[in-house]
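Colleague: could you look at this predicted model? Sequence included:
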Amino acid sequence: MVLKRLLLMAFAAVTCRVLAESPQGELCHDGYWEDELCCKGSPAEEPCADICSEAQPCCDCCLDVADDLYMQGYLQALIDLHYHEHCVTICYECGIVYVANLPNNCLVARSIMQFLADFPGVQCVIVDQCCEKCKPVVHPTVECDCCKIGGIWFPQSTLLYQPMIADPRQVMFGGAYRFHDQVLGSRVGVAKFGDCFPFFRWLEVGPLCGDAQIGIEAGVWAVFKFGDKNLEGTSGDKVALINADYLVGVPLTYAAGNYSFRLRPYHISSHLGDEFLCHMEAPADFRVNPSREAIDFFTSYQLSEALRLYAGIGYNFHSNMTFPIKPWYVEYGGELRLLGHRNLFYCLYVQPFFAFYIRNWQDTNWEFDGTYLLGFEASKLQGLGRKMRIYLEWHDGFCFEGQFSKLRDHYFAACLAYGF
């Protein structure tokens, strides 16, 4: 046991570093700032605030130094496991966690702070760049080598530009069952497969000291019609593949503070299903090739912890001559998340959400095309990482399935999805 504590003390001494001094404050759980002169004041507006419980820790109840170092080493190991790309340093004393070197990305910083605050035995989490409480155990010559690295290969914890979950062409894994689709049929199933694979992330880029990242994303959306009586077979319910869309893109993203940006060139093509072509009554030249190459630029702003807004503009610089598409389009939307809580038994963050996504395309005379979602999501880390989503979807606008995309459409759907 003595040897174990000595090893943990040595580990804590290495992981706790002295960083540049910055102002610090505290934030109670009910969302009010505190400082040395006052308690509850006006509601907090800072995105990356300290988190404290109402009952402040008492020095008479503190653990001894060895137990504090044990807890410090354990918490540092958890932070390195889940947020290893950000080189965050923590110090622990008497139930208080002092956090240094938080990333300049408020979504990630909030997630780190909440992760520490939810840990049993932690009463308060304070942003403390100088780590004054840890000075007695800090070795003066220790430096953080990982923070000198200019970038990270294959980052996995999260995306710098968070997905726009109500976008009908957001890459993710999942499925949906549509009711009363006005274009494709009264009973339609959708299977979607896709993900984003980051290649490299640059750290502290530009005057805002944000992070930049490049990767590749790919997705497939396959649409099936159920109960097609024209199909031959012996089964009760016939299923026909109507259409499949394929997308590949190279997103370049940047995030600093509450802002994030995405520049993405991409290709998308659409292909009618074999069963649909074989059993439909249409001329041989009915099939066209609605493929295009485009580039878009989107900006996202985290207005508050609950509300995120985004908007972008795109340009189709090439489309197939059998299905010409006008070049310009604008798209925008938002997401609202409220009443989230952590389920300690399952160690999951559960969060209800509402999201909307509006498209105005020159190809459809700039008419409104909207998708609206209502459901909940569950994840291991608050606001970050991959999430499981169960939601209801309402679409009113145009069909976005290949060569049917210029037809007016609306439908209701029940969906299950997994992704960032």
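Modeller: That came through, no problem.
Colleague: mind listing what's buried in stretch 402-417?
Modeller: By neighbour count with 16 or more other C-beta atoms under 10 Å, stretch 402-417 contains the buried residues Gly402, Gln403, Phe404, Ser405, Asp409, Tyr411, Ala413, Cys415, Ala417. C-beta here means a position set from N, CA and C on the backbone, and glycine is covered the same way.
Colleague: can you read off the pLDDT for the residue nearest to the first one when sequence neighbours are not counted?
Modeller: Among residues not flanking Gly402 along the chain, Ser270 sits closest, at 2.8 Å (C-beta to C-beta, 6 or more residues apart in numbering). pLDDT recorded at Ser270 is 90.
Colleague: wait, Ser270 touches Arg287, no?
Modeller: No. Under the criterion of C-beta atoms under 8 Å, Ser270 is not in contact with Arg287, lying 10.2 Å apart.
Colleague: joint contacts of these two?
Modeller: Gln403 (C-beta atoms under 8 Å, 6 or more residues apart in numbering).
Colleague: those two - which one has more neighbours?
Modeller: Neighbours per residue (other C-beta atoms under 10 Å) separate Ser270 from Arg287, with Ser270 holding more: 23 against 16.
Colleague: pop out the phi and psi values for the more buried one.
Modeller: phi -130, psi 140 (degrees, to the nearest 10).
Colleague: who does it form a beta bridge with?
Modeller: Assessed by DSSP bridges, Ser270 has beta-bridge partners Asp245.
Colleague: what about it, distance to Val171?
Modeller: Here the distance between Ser270 and Val171 works out to 16 Å (C-beta to C-beta, to the nearest Å).
Colleague: do the same with Leu309
Modeller: Using C-beta to C-beta, one gets 21 Å for the distance from Leu309 to Val171.
Colleague: more neighbours, the two?
Modeller: Higher neighbour count among Leu309 and Val171: Val171, with 22 against 14, using other C-beta under 10 Å.
Colleague: could you double-check that that one sits in contact with Ile216?
Modeller: No. Between Val171 and Ile216 no contact is recorded; they are 10.3 Å apart, counting by C-beta under 8 Å.
Colleague: hang on, the earlier thing: OK, contacts around the residue nearest to Gly402?
Modeller: Contacts of Ser270 (C-beta under 8 Å, 6+ apart): Asn243, Ala244, Asp245, Tyr246, Asn289, Pro290, Ser291, Glu401, Gly402, Gln403.
Colleague: same thing but at 10 Å, please
Modeller: Neighbour list for Ser270: 221, 243-247, 288-292, 320, 323, 400-405 [criterion: C-beta atoms under 10 Å, 6 or more residues apart in numbering].
Colleague: that older thread, any residues in contact with both of Val171 and Ile216?
Modeller: The contact sets of Val171 and Ile216 overlap at Asp195, Cys196, Val248, Gly249, Pro251 (C-beta under 10 Å, 6+ apart).
Colleague: out of these, flag the one nearest to Arg187.
Modeller: Proximity of those to Arg187 (C-beta to C-beta) peaks at Asp195, which lies at 28.0 Å.
Colleague: contacting residues for the closest one?
Modeller: Asp195 neighbours (C-beta under 10 Å, 6+ apart): Val171, Met172, Phe173, Gly215, Ile216, Glu217, Ala218, Gly219, Arg386, Tyr418, Gly419, Phe420.
Colleague: run the chain-centre distance for the strand or helix carrying Tyr254.
Modeller: For Tyr254, the host element (DSSP states H and E) is strand 252-256. How far strand 252-256 lies from its chain's middle: 13 Å, per C-alpha atoms, centre = their mean, to the nearest Å.
Colleague: strand partners (parallel or antiparallel) of that strand?
Modeller: Sheet pairing here is set by DSSP bridges, and for strand 252-256 it gives strand 210-226 (antiparallel), strand 259-272 (antiparallel).
Colleague: show me the shaky parts of the chain.
Modeller: Low-confidence segments of the chain (pLDDT under 70): 1-66, 128-149, 157, 228-237, 277-286, 342-346, 383.
Colleague: of the contacts of Asp195, grab the buried ones for PyMOL.
Modeller: Buried residues within the contacts of Asp195, by 16+ other C-beta under 10 Å, are selected in PyMOL with:
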select buried, resi 171+172+173+215+217+219+386+419+420
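Colleague: Serialize the contacts of Asp195 to TSV and add fields for distance to Cys106.
Modeller: What follows is these, written out as TSV (distance: C-beta to C-beta, whole Å):
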residue	distance to Cys106
Val171	24
Met172	24
Phe173	28
Gly215	22
Ile216	26
Glu217	24
Ala218	29
Gly219	28
Arg386	20
Tyr418	25
Gly419	22
Phe420	17
